[in-house]
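**Q** Got a sequence here, can you build the structure:
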Amino acid sequence: MWDQPAPSDQTAPSPLQDMADHALRVSDICDLLEAMADDLPRRPAPVWKEARRMCDDVVRVHYALLLDVLLPVLSTRLRGQPDCEHMLTRLNADFEEEASKLTELTALMTDAVSDRARPISPEALGYALRCFFCALRRNAMWETDVLLPLAKRALSADDLESLTRLMRLDPVTGPS
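**A** Here you go, the predicted structure:
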């Protein structure tokens, strides 16, 4: 029979695993956005409102975790390693650009389904969706295949504790 560890022996989940789980949720949202783009213009307004909410709630928080939490801690740890510094600078720029595109996309989705909806061609909305979710998928793959494994190797236990503390902060309102 397997012995169960005492509650005090159990460790808290790794902040890096939490980020990997969050990246998986973002990938699921990419699948939803792709399905919506494939099914234009037949999707009803409530589906668009839900997609916009998920983009705001999940994707925006994901960018905050990357840009405000993981990348600064990892950049500090890897300072002086030119190849890593260059990669992190590039990823930071890519993530910032995608966060900006998210703002544009959610505004477009809002315009498409609001009470005073503007006529937006399905092609224009589909193009905006595809541009966004393709880039988001690419960045999520970089995150899970390169960034998080690098963080796992490079970050110390103190760094991971710092990540855990920072992840508890609400990106909008501060500490939870």
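
**Q** The most centrally placed residue in the chain: which element?
**A** What sits nearest the mean C-alpha location of the chain, by C-alpha atoms, centre = their mean, is residue 62, with 3.0 Å. Taking DSSP states H and E as the criterion, residue 62 maps to helix 60-64.

**Q** Which residues outside that helix are in contact with it?
**A** Residues outside helix 60-64 that contact it (C-beta atoms under 8 Å, 6 or more residues apart in numbering): 22, 23, 25, 26, 95, 98, 99, 102, 171. Bear in mind the C-beta positions are built from the backbone N, C-alpha and C, glycine included.

**Q** Tell me where the chain has helices.
**A** Remark: helices assigned in the chain by DSSP state H are 15-38, 45-54, 60-64, 71-77, 82-113, 122-142, 148-154, 157-167.

**Q** Switch these over to TSV; also include mean pLDDT.
**A** Formatted as TSV, those follow (pLDDT from 0 to 100):
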stretch	mean pLDDT
helix 15-38	88
helix 45-54	77
helix 60-64	84
helix 71-77	91
helix 82-113	83
helix 122-142	84
helix 148-154	94
helix 157-167	90
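
**Q** Check these for me and report the most buried one.
**A** Of the helices of the chain, the one with the most neighbours on average (mean count of other C-beta atoms under 10 Å) is helix 60-64, at a mean of 19.

**Q** would you put the C-alpha positions of that helix in CSV?
**A** Below are the C-alpha coordinates for helix 60-64, written out as CSV (Å, rounded to 0.1, in the frame of the first residue of the first chain):
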residue,chain,number,x,y,z
ARG,A,60,-5.3,39.6,-21.2
VAL,A,61,-4.4,38.0,-17.9
HIS,A,62,-2.1,35.7,-19.7
TYR,A,63,-0.2,38.6,-21.3
ALA,A,64,0.0,40.3,-17.9
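
**Q** distance between it and the chain's centre?
**A** In terms of C-alpha atoms, centre = their mean, to the nearest Å, the centre of helix 60-64 is set 5 Å apart from its chain centre.

**Q** Ok, stretch 35-45 next?
**A** How far stretch 35-45 lies from its chain's middle: 23 Å, per C-alpha atoms, centre = their mean.
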